[in-house]
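Trainee: what follows is a predicted protein model with its sequence.
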Amino acid sequence: MKVIETYLGDCLLLEPAVFADERGHFFESFNEEKFNTLVGKEVRFVQDNQSLSTYGVLRGLHFQRGEHAQAKLVRVLRGEVLDVAVDLRPDSPTFGEHFSVVLSAENRLQLFIPRGFAHGFAVLSREAEFFYKCDNYYNKESEGSLLYSDPELGIDWGIDPAELIVSAKDRESPLFAQARAVIRGAR
């Protein structure tokens with residue numbers, strides 16, 4: 001597996017070694033020992049999540065606060081998404097900046113998003129099956145979100161805004177400026 005560093009410290013792209021022949025292909029999608037060596041710290045995933053969405057569905061930008069913060073390892077099993085991570089670590093030089101990448105079943109890329117980031121994705125294909133591992137259990141009382149269309153974040157989701165399908169809950173998320181105090185207090 002190859003590690004590709006992003007400009008958001010500790011947020012890493014992982015590219016698996018794929019072995020293909022006339023029968024199809026094989027790759028190791030996760031190996032805890034190799035993964036921890038690649039990311040340079042011990043991460044123990046405890047929960048797997050999977051979703052199926054159609055073109056234009058946008059899920060995010062979500063995060064967990066405090067002791068319930070989650071690191072995630074995300075990938076696409078079918079289809080294609082634009083995946084976005086926003087740095088919410090108050091002491092980080094990239095606080096408030098985002099990284100986006102197209103993840104697809106074809107490119108097999110995975111994105112490791114450490115604790116202290118908001119995360120979201122938009123479906124670019126007809127359908128997409130999205131899979132992610134979390135290093136902490138979901139806790140409803142600790143959930144937070146940022147408005148996906150916040151001009152301060154300036155995220156281009158790769159889809160005409162009129163075609164986006166967004167839950168009522170996500171449409172009502174706070175702006176980054178409004179969430180700053182909560183984020184800074186959620187160390």
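Mentor: Cool, the structure landed.

Trainee: can we go C-alpha only for contacts and neighbour counts from here?
Mentor: OK.

Trainee: give me the pLDDT value at the residue of the chain most remote from its centre.
Mentor: Centroid-distance maximum for the chain: residue 22 at 33.1 Å, with Cα atoms, centre = their mean. In this model, residue 22 is scored at 92, pLDDT.

Trainee: next, find the distance separating it from residue 77.
Mentor: 21 Å (Cα to Cα, to the nearest Å).

Trainee: for the chain, just list every one of the helices.
Mentor: Ranges of helices in the chain, per DSSP state H, are 32-39, 168-171, 176-185.

Trainee: same list, those, but as TSV with mean neighbour count please.
Mentor: Formatted as TSV, these follow (neighbours: other Cα atoms under 10 Å):
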stretch	mean neighbour count
helix 32-39	14
helix 168-171	12
helix 176-185	14
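
Trainee: where among these is average confidence lowest?
Mentor: helix 176-185 (a mean of 77).

Trainee: which residues touch residue 2?
Mentor: 14, 15, 16, 17 (Cα atoms under 8 Å, 6 or more residues apart in numbering).

Trainee: buried among those residues? Need that as a selection in ChimeraX.
Mentor: The ChimeraX selection below is limited to those of those classed as buried (16 or more other Cα atoms under 10 Å):
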select :14,15,16
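
Trainee: of the contacts of residue 2, which belong to strands?
Mentor: Among these, the members found in strands (DSSP state E) are 14, 15.

Trainee: what's the closest of the contacts of residue 2 to residue 46?
Mentor: Residue 46 lies nearest to residue 14 out of the contacts of residue 2, by Cα to Cα, at 19.6 Å.

Trainee: centroid residue for the protein?
Mentor: Nearest to the chain centroid, counting by Cα atoms, centre = their mean: residue 119, 4.3 Å.

Trainee: okay, and the beta partners of that residue?
Mentor: Note on residue 119: beta-bridge partners residue 62, residue 85, judged by DSSP bridges.

Trainee: wait, it sits on residue 69?
Mentor: No. Applying Cα atoms under 8 Å, one finds residue 119 not in contact with residue 69, separated by 11.8 Å.

Trainee: what do the two both touch?
Mentor: In contact with both residue 119 and residue 69: residue 63, using Cα under 8 Å, 6+ apart.

Trainee: one step back: mind putting the contacts of residue 2 in CSV, pLDDT and distance to residue 45 included?
Mentor: Shown next, in CSV, are the contacts of residue 2 (pLDDT from 0 to 100; distance: Cα to Cα, whole Å):
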residue, pLDDT, distance to residue 45
14, 89, 16
15, 90, 19
16, 85, 18
17, 84, 21
